[in-house]
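Trainee: Give me coordinates for this.
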Amino acid sequence: MQQLSGLDASFLAMETANTTGHVGGLSVLDPSDAPTPLNLARLTEVMAERLPLVPVLRQKLLEVPLGLDQPYWVDDPHFDIEYHVREIALPRPGSDAQLNEQVSRLHARPLDRSKPLWELYLITGLAKKRAAVYTKIHHAAIDGASGVELLTVLFDLSPAGRDLPPAEPFRAAAAPPLPALAAKAAARLAWRPVQTARITSELVKVIPTLAPAVNALVGNMLGLNRGDGTVISTRPGRAPATPFNRSITPHRRFAFRTVDLATVKMVKNAFGVSVNDVVMAMCAGALRRWLLDHDALPDQPLIAMIPVSVRDPSSKGALGNRVSAMLAPLPTSVTDPALRLQVVHAATQVAKAQQAAIPQGLVDQISDFAVPALAARAARVVFATGVLHRLPPFNITISNVPGPNTQVYLCGARLLAHYPVSVVTDGQGLNITLVGYLGQLHFGLISCRELVPDIDVLAGYLTDELALLEQAAKERIADAAP
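Mentor: Residues are numbered from 1 along each chain as shown. Just a heads-up that it's a prediction; the model follows:
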């Protein structure tokens with residue numbers, strides 16, 4: 001039995017009729033050289049072998065009476081792997097557009113909270129004799145970094161798989177009685193005054209250190225301009241309005257693209273920036289194009305929220321969420337691709353300084369402070385009043401998750417690409433997440449279907465923007481040559 005942290009439980013509280021709290025991934029596979037056929041029976045067998053390595057896959061939620069404390073993960077005595085591992089087929093030869101549509105529908109469906117919070121789908125019928133596996137698991141169980149660690153458990157380094165010790169028969173541990181949970185929750189509530197004093201003390205220390213970074217962010221130090229020398233100021237605490245910062249529906253759109261990491265690194269080296277800076281500049285340029293297409297480009301730069309993993313070596317291999325975040329201007333108002341990249345680099349330097357000033361445990365302490373009953377009620381009030389899309393604190397989440405840099409296999413099938421499928425919420429109807437794998441960056445874009453119906457067009461703009469940055473990098477290198 002393991003208790004969820006406040007941050008883990010916040011992903012449960014965020015769920016509404018239109019918002020789901022799970023994250024997913026689409027693995028595209030080449031099963032042509034697999035030692036055994038990739039079918040539902042084989043996939044179920046492999047998953048059954050790996051379940052002891054990831055206990056949360058056989059655990060369900062146990063709520064504390066009256067919502068007085070965070071829930072617990074407890075063994076599911078009725079666990080049935082055949083419920084969680086499923087199969088669907090596309091009409092051959094299935095196109096990428098058909099695959100995207102199927103993933104969009106699967107990702108829109110909420111998980112059943114009475115069972116372990118994950119599902120896995122084998123998708124067959126793809127063109128070029130490929131197959132795919134779509135997985136989804138609740139964000140309460142994993143974050144981006146632990147999700148990659150989970151993939152390393154499911155995937156192998158050779159088509160032959162790996163030798164695992166014989167699994168013991170699963171016997172679910174008895175769940176604690178509800179009166180015992182209520183008594184433990186009451187004891188924790190008694191410490192709330194002490195916790196309040198501790199959090200207040202931490203905030204008093206942190207706020208003065210954030211002021212210089214915030215002042216630099218909203219001042220003229222970054223030189224956020226349109227290319228004609230005029231400075232565009234930002235308004236602290238409020239992002240500009242866009243078509244995707246509105247109330248969402250239950251429907252989703254998904255698209256994916258792959259770019260060459262070597263090209264990204266060439267741009268990075270030419271301009272003296274980071275890989276993530278290049279990614280952010282690509283996103284800024286793609287969003288600028290899409291907003292221009294829809295006559296919706298604001299004068300101000302967009303604001304991006306960038307998740308930051310705060311996992312230390314001691315928490316490696318543990319599931320749950322160990323994440324903070326930073327906010328950075330996304331210079332969609334800048335016309336020149338090279339200048340956009342330089343502005344992104346300057347902006348993220350300030351954002352990193354601001355995020356680094358926040359103690360790693362402070363986010364967990366604050367999110368753990370409110371009891372779930374109050375947190376869920378507060379979330380419902382926020383969504384019902386529409387505050388998040390009337391006064392959005394940021395426009396879009398852009399997450400860059402490192403992945404394995406070696407060839408891996410699932411059920412003997414070679415992994416060609418892995419595309420993340422993340423979360424959208426009211427006021428945040430678009431998300432861009434990418435995973436690095438084997439010399440490539442794999443982008444997964446998810447949106448509310450009604451807000452960004454042409455998400456594949458936006459995904460295509462990402463590759464176009466990298467081509468422009470590559471050309472600018474070559475010109476910069478040529479100009480620097482003797």
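Trainee: switch to C-alpha atoms for all contacts and neighbour counts from now on
Mentor: OK.
Trainee: Please report the number of neighbouring residues for the closest residue to Ala262 other than its chain neighbours.
Mentor: Nearest residue to Ala262, sequence neighbours excluded (Cα to Cα, 6 or more residues apart in numbering): Gly439, at 6.9 Å. A total of 14 residues lie near Gly439 under the criterion other Cα atoms under 10 Å.
Trainee: tell me the helices in the stretch 101-250 of the chain, going along the chain?
Mentor: For the stretch 101-250 of the chain, the helices defined by DSSP state H, counting those that start in this stretch occupy 144-154, 178-190, 192-218.
Trainee: so what's the backbone phi/psi at Asn395?
Mentor: Note on Asn395: its backbone torsions stand at phi -100, psi -30 [degrees, to the nearest 10].
Trainee: give the contact list for it.
Mentor: For Asn395, the contacting residues are Ala239, Pro240, Ala241, Thr242, Phe244, Asn245, Leu302, Ile303, Ala304, Met305, Gln428, by Cα atoms under 8 Å, 6 or more residues apart in numbering.
Trainee: Recalculate using a threshold of 7 Å.
Mentor: When contacts are counted by Cα atoms under 7 Å, 6 or more residues apart in numbering, Asn395 touches Ala239, Asn245, Leu302, Ile303, Ala304, Gln428.
Trainee: Filter those residues down to just the buried residues.
Mentor: Neighbour-count burial (16 or more other Cα atoms under 10 Å) is assigned, among these, to Ala239, Asn245, Leu302, Ile303, Ala304, Gln428.
Trainee: In this structure the second one contacts Thr425, no?
Mentor: No - if you go by Cα atoms under 7 Å, Asn245 and Thr425 don't touch, sitting 9.3 Å apart.
Trainee: sorry, back to before: next one: the residue nearest to Ala262, what pLDDT does it get?
Mentor: Listed pLDDT for Gly439 reads 93.
Trainee: Report how many residues lie close to the nearest residue to His84 once chain neighbours are set aside.
Mentor: Excluding its sequence neighbours, the residue lying closest to His84 (Cα to Cα, 6+ apart) is Glu119, at 4.7 Å. Residues lying near Glu119 (other Cα under 10 Å) number 21.
Trainee: With the one 5 residues further on instead?
Mentor: Counted with other Cα under 10 Å, the neighbours of Thr124 add up to 23.
Trainee: Return the distance of it relative to Thr463.
Mentor: 27 Å (Cα to Cα, to the nearest Å).
Trainee: could you dump the buried ones among the contacts of Asn395 to a markdown table with pLDDT and distance to Ser104?
Mentor: Putting the buried ones among the contacts of Asn395 into a markdown table (pLDDT from 0 to 100; distance: Cα to Cα, whole Å) gives the following:
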| residue | pLDDT | distance to Ser104 |
| --- | --- | --- |
| Ala239 | 88 | 27 |
| Asn245 | 95 | 19 |
| Leu302 | 94 | 26 |
| Ile303 | 93 | 26 |
| Ala304 | 93 | 23 |
| Gln428 | 92 | 17 |
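Trainee: Same list (these) but as TSV, adding distance to Met280.
Mentor: Shown next, in TSV, are the buried ones among the contacts of Asn395 (distance: Cα to Cα, whole Å):
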residue	distance to Met280
Ala239	17
Asn245	19
Leu302	12
Ile303	11
Ala304	9
Gln428	17
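Trainee: Keep only those of the residues you listed that are in strands.
Mentor: Among the buried ones among the contacts of Asn395, the members falling in strands (DSSP state E) are Leu302, Ile303, Ala304.
Trainee: any idea which of those residues is closest to Pro52?
Mentor: Within these, proximity to Pro52 (Cα to Cα) peaks at Ala304, which comes in at 38.1 Å.
Trainee: can you give me phi and psi for Thr258?
Mentor: Residue torsions, per degrees, to the nearest 10, at Thr258 are phi -120, psi 140.
Trainee: still on that earlier bit, so what's the residue nearest to His84 up against?
Mentor: Contact analysis of Glu119 by Cα under 7 Å, 6+ apart lists His84, Val85, Thr135, Lys136, Ile137.
Trainee: If we use 10 Å, what do you get?
Mentor: When contacts are counted by Cα atoms under 10 Å, 6 or more residues apart in numbering, Glu119 is found next to 24, 57, 81-86, 106, 111-112, 134-138.
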